[in-house]
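1. Pasted the sequence and its predicted model underneath.
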Amino acid sequence: MRLSKTSARSAQGGAAIVMAMLVVMLAATVVSSLFWREHVALRSVENRSALAQTRWIERVVLDWTRVVLRVDGLSSGPVDHLEELWANPIADTRLDESVTGGSKLGDGTRAATLSGQVFDAQGRFNLTNLAAENSARQQAAARKLFESLGLPGQLVEALTVYLRKTRDTVAEGKVVPASELPLLRSADLRAVNGFDEATIRALDPYVILLPTAAATNINTADPLVIAALVEGLDSAGARRFVAQSRRRFTTLGAAQTELGGNLTLNSELLTVSSNYFLVRGLVRYDRVEAQTETLMNRQGNKVNIVWQQRF
């Protein structure tokens, strides 16, 4: 059956229309893909720029913290408590554009904000003290703390053994290198037998692992930690002590008088000054949110970073 010339022309015209539509669709797909790639590339550049700005803000905050801790050490002397400037938290604060050098990613860019606080790292029980050869008192205090948190006291012995393995020792005049990696943060406790995630979460607010042996500051410690470090003191008595005193003690003797009774404060376990501080901060800039925790060490008029982690 032959098609008429009119039908043939109609068929050819329909095929041309379909072909043209296919070409238009293909062109639209290519152009859309190019626009999408450009959009992704632009977002990637904006995110890297915002991240660089947040890192800059973090450095500024740490420099400011150094100054505050240095001035506090020089002006207040060897006594630290929770009524000092460094202990004041920073609420969610909008930063001036000068902090980001006038940087603006776009018309909808959110202003940079900052929140954070400095904590006395020596307001916690320093688990590093357990590594000392003569740490019987520290071990007894640690067991008391663990048991007050509902944790088995046997964990202290396991932790003590592990911590001692993280140090070089001398045997027959020869240095024997450490057989275990050092523990830096409470999260590292999972390397010790018996320490699971639930145990670490329970301990985290009350313990810390400092690079060196260090006593706990009675002016800043939690009642549970104080109760663990004072023989004969229970948690209820420690809570009363914290609630009834301003805790601006300049000597352990003054704190002991405030506690009353026949309680004795051991200078190997407790102090009224601090050299280690935790700095926690949260910086938001546009779509980037950066949360950091930094351990700082103050020695005289110098304040150095021990470690820093980002979440």
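-> Alright, I've got the coordinates.
2. Show the backbone phi and psi for G116.
-> For G116, the backbone dihedrals (degrees, to the nearest 10) come out as phi 170, psi -180.
3. count of residues packed around it?
-> Residues lying near G116 (other CB atoms under 10 Å) number 21. Glycine gets a C-beta too; all of them are placed from N, C-alpha and C.
4. That one: what's it in contact with?
-> 61, 89-90, 279-282 (CB atoms under 8 Å, 6 or more residues apart in numbering).
5. Show me those that map onto helices.
-> Mapping those onto helices (DSSP state H) picks out V61.
6. which of the contacts of G116 are buried?
-> Among the contacts of G116, those buried by neighbour count (16 or more other CB atoms under 10 Å) are 61, 279, 281-282.
7. helix, strand or coil for T220?
-> Per DSSP: H, G, I helix; E, B strand; the rest coil, the secondary structure class of T220 is coil.
8. List the buried residues of stretch 241-260.
-> Buried, per 16+ other CB under 10 Å, within stretch 241-260: 241, 247, 249, 252, 255-256, 259.
9. And that stretch, end to end?
-> 10 Å (CA to CA, to the nearest Å).
10. Would you mind confirming that S179 is in contact with K165?
-> Yes. Counting by CB atoms under 8 Å, K165 is a contact partner of S179 at 4.8 Å.
11. residues touching Y162, list them.
-> Y162 touches 180, 183, 191-193, counting by CB under 8 Å, 6+ apart.
12. before we move on, what about I200?
-> 186-187, 189-190.
13. ok but it is inside a helix, no?
-> Yes. If the criterion is three-state DSSP, then I200 is within a helix.
14. Would you check how far apart it and L183 are?
-> Using CB to CB, to the nearest Å, I200 is found at 11 Å from L183.
15. Quick check: neighbours shared by the two?
-> L189.
16. of the contacts of I200, closest to A214?
-> S186 (15.6 Å; CB to CB).
17. wait, doesn't that closest one sit right on V207?
-> Yes. The criterion here is CB under 8 Å, and S186 meets it with V207 at 6.1 Å.
18. Please report how far A171 lies from A178.
-> A171 is 13 Å from A178, by CB to CB.
19. Among those two, which residue is more densely surrounded?
-> Set A171 next to A178 and count neighbours by other CB under 10 Å: A178 wins out with 12 against 7.
20. Point me to the helix or strand that includes that one.
-> Assessed by DSSP states H and E, A178 sits outside every helix and strand.
21. need the contact list for L189.
-> By CB under 8 Å, 6+ apart, the contact set of L189 is 159, 183, 195, 199-200, 203.
22. and what of S245?
-> 255, 258.
23. Same question for T54.
-> T54 sits in contact with 112, 283-285, 288, 290, where contact means CB under 8 Å, 6+ apart.
24. Any stretches of the stretch 51-200 of the chain with poor pLDDT?
-> Low-confidence segments of the stretch 51-200 of the chain, defined by pLDDT under 70: 51, 96-110.
25. which stretches of it form helices?
-> Assigned helices in the stretch 51-200 of the chain, in chain order: 136-148, 154-165, 197-203 (criterion: DSSP state H, counting those that start in this stretch).
26. now the longest one: how far from the chain's centre is it?
-> When distances are taken as CA atoms, centre = their mean, to the nearest Å, helix 136-148 is centred 25 Å away from the chain's centroid.
27. Surely T166 touches P177?
-> No. Between T166 and P177 there is no contact under CB under 8 Å: 10.5 Å.
28. Which one's more surrounded, these two?
-> Per other CB under 10 Å, whichever of T166 and P177 has more neighbours is T166, with 15 against 7.
29. quick one: contacts for that one?
-> Applying CB under 8 Å, 6+ apart, we find T166 in contact with 131, 178, 180-183.
30. quick revisit: now which of the contacts of I200 would you call buried?
-> 186, 189.
31. Quick one: residues contacting E197.
-> E197 makes contact with R190 under the criterion CB under 8 Å, 6+ apart.
32. do R137 as well
-> 266, 268-269.
33. need these in TSV with distance to I218, can you?
-> TSV is the format used below for those (distance: CB to CB, whole Å):
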residue	distance to I218
N266	11
E268	13
L269	9
